[in-house]
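Participant: structural data only, the sequence is not supplied:
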């Protein structure tokens, strides 16, 4: 039954590698979402400060959309 044991071990290793890949992808997506939200907030603040209503609205929209997707 040595073959079965090696298959079990191989399966465990593949599963662990897959879990690590999923977790890394989630972390990357979270970091990108955080950056996008901050970028939207910056646009909102700069637009409000300079009176550029288009930039302000664009920043609000970006922040809202990113918040919904994450």
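Facilitator: Right, received. Where do you want to start? If you're wondering where the values come from, they're calculated on a predicted model, not measured in any experiment. Numbering: from 1, shown residues only.
Participant: longest helix in the chain, by number of residues?
Facilitator: In the chain, with assignment by DSSP state H, the single longest helix is helix 2-50.
Participant: so which elements touch that helix?
Facilitator: The contact analysis (3 or more C-beta pairs under 8 Å, 6 or more residues apart in numbering; DSSP states H and E) places helix 2-50 against helix 53-69. In this view, the C-beta of every residue, glycine as well, is placed from N, C-alpha and C.
Participant: list the contacts for the nearest residue to residue 61 once chain neighbours are set aside?
Facilitator: Sequence neighbours aside, residue 40 is the residue nearest to residue 61 in space, at 7.6 Å (criterion: C-beta to C-beta, 6 or more residues apart in numbering). Neighbouring residues of residue 40 by C-beta atoms under 8 Å, 6 or more residues apart in numbering: 58-64, 66.
Participant: so which of these is the most crowded?
Facilitator: Across these, the neighbour count under other C-beta atoms under 10 Å reaches its highest value at residue 59, namely 21 neighbours.
Participant: who touches the closest residue to it other than its chain neighbours in this structure?
Facilitator: Setting aside the residues directly before and after it, residue 59 is nearest to residue 43 in space (C-beta to C-beta, 6+ apart), at 2.9 Å. If you count contacts by C-beta under 8 Å, 6+ apart, residue 43 has them with 55-56, 58-59, 62.
Participant: hmm, try it at 7 Å
Facilitator: The contact partners of residue 43, taken as C-beta atoms under 7 Å, 6 or more residues apart in numbering, are 55, 58-59, 62.
Participant: farthest-apart pair in these, please.
Facilitator: Spanning the widest gap among the contacts of residue 43 are 55 and 62, at 10.5 Å by C-beta to C-beta.
Participant: what does residue 52 show for phi and psi?
Facilitator: When read as degrees, to the nearest 10, the backbone of residue 52 gives phi -90, psi 90.
Participant: what about it, neighbour count?
Facilitator: Number of residues near residue 52 (other C-beta under 10 Å) recorded here: 14.
Participant: what pLDDT is listed against it?
Facilitator: According to the prediction, residue 52 has pLDDT 77.
Participant: likewise for residue 19?
Facilitator: pLDDT for residue 19: 92.
Participant: quick one on the thing from earlier: so what's the residue nearest to residue 61 scoring on pLDDT?
Facilitator: Note on residue 40: pLDDT of 76.
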